[in-house]
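Participant: structural data only, the sequence is not supplied:
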């Protein structure tokens, strides 16, 4: 994406991180301990941040680390703590129809993989705009947010405020 | 293996998405279901940023940031609801929340 000579190194990093992510994602939904599932979720989220860096979007990667690993996972761990999930092995996490879910997930993946391979095939990641993005990614993101997308940005701020006030109202003991 | 392909990011995101769908359908612990929803939203974010890089536009990153903000709001409200369910029923087992079952 950046330079042809770097493509090999990028591919190596991509496949190593992608393998770790796929393994951890599957562990999130199969492990028998809720806290371990949250830790594997951290692995997946960090991997997603690493992929953002490979895609030259360092601002999104930083936000991913701050918001997901810093806030969402901590919230999830607080949820685990407050609902007193059994901290050891808890075999009773999967419902009786898990195999239907597995069939649905495999079918969804099959359809998506087939159509993606059919449509995009070996299409290389286009480098046309990537080089100009690479120079000042954060600056371009902030120009877009505070320019063209100012109204959605303000709306999302109000949404976040409303959601957090709502969460406090729901969760407080009165 | 010489070129970085668009498809490898899309397929990775497809794996994450299907894993998340399995988790939402198969898990009965409400917090694990919320974690699976995070997996799905992250798969979407990889797609958005990959297509943004592919098309040479910054818009993909901007929308990924919006998705991250909405996901943070979602997990806050979701965990508050799970906490309320736990307070009322002493359990976060989704199979127990079946009063509406006819």
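Facilitator: Noted; the coordinates are in hand. All figures in this text were calculated on a predicted structure; none of them were measured in a lab.

Participant: who's in contact with residue A:109?
Facilitator: Remark: with contacts taken as C-beta atoms under 8 Å, 6 or more residues apart in numbering or on different chains, residue A:109 is in contact with B:14, B:15, B:17, B:18. Placement of C-beta: from N, CA and C, glycine included.

Participant: by neighbours, which of these wins?
Facilitator: Greatest neighbour count in the contacts of residue A:109, by other C-beta atoms under 10 Å in any protein chain shown, goes to residue B:18: 25 neighbours.

Participant: the contacts of residue A:109: which two are farthest apart?
Facilitator: Using C-beta to C-beta, the two most remote members of those are B:15 and B:17, lying 7.3 Å apart.

Participant: quick one: low-confidence residue ranges for chain B.
Facilitator: Within chain B, the ranges that satisfy pLDDT under 70 run B:1-2.

Participant: now do 90
Facilitator: Applying pLDDT under 90 to chain B picks out residues B:1-7, B:28-29, B:53-58, B:85-102.

Participant: from it, which residue is nearest to chain A?
Facilitator: Residue nearest to chain A within chain B (C-beta to the nearest C-beta): residue B:56, separated by 1.6 Å.

Participant: intersect the contacts of residue A:109 with the contacts of chain A.
Facilitator: Residues shared between those and the neighbourhood of chain A are B:14, B:15, B:17, B:18 [C-beta under 8 Å from any C-beta of the partner chain].

Participant: secondary structure added to those residues, as a markdown table?
Facilitator: A markdown table is the format used below for the ones next to chain A among the contacts of residue A:109 (DSSP: H, G, I helix; E, B strand; the rest coil):
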| residue | secondary structure |
| --- | --- |
| B:14 | helix |
| B:15 | helix |
| B:17 | helix |
| B:18 | helix |
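
Participant: format these as TSV; extra columns: distance to residue B:89.
Facilitator: Converted to TSV, the ones next to chain A among the contacts of residue A:109 look like this (distance: C-beta to C-beta, whole Å):
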residue	distance to residue B:89
B:14	36
B:15	34
B:17	31
B:18	31
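
Participant: okay, now the closest residue to residue B:17 other than its chain neighbours: neighbour count?
Facilitator: In space, and not counting its chain neighbours, residue B:17 is closest to residue B:43: 3.9 Å by C-beta to C-beta, 6 or more residues apart in numbering or on different chains. By the criterion of other C-beta under 10 Å, residue B:43 has 25 neighbours.
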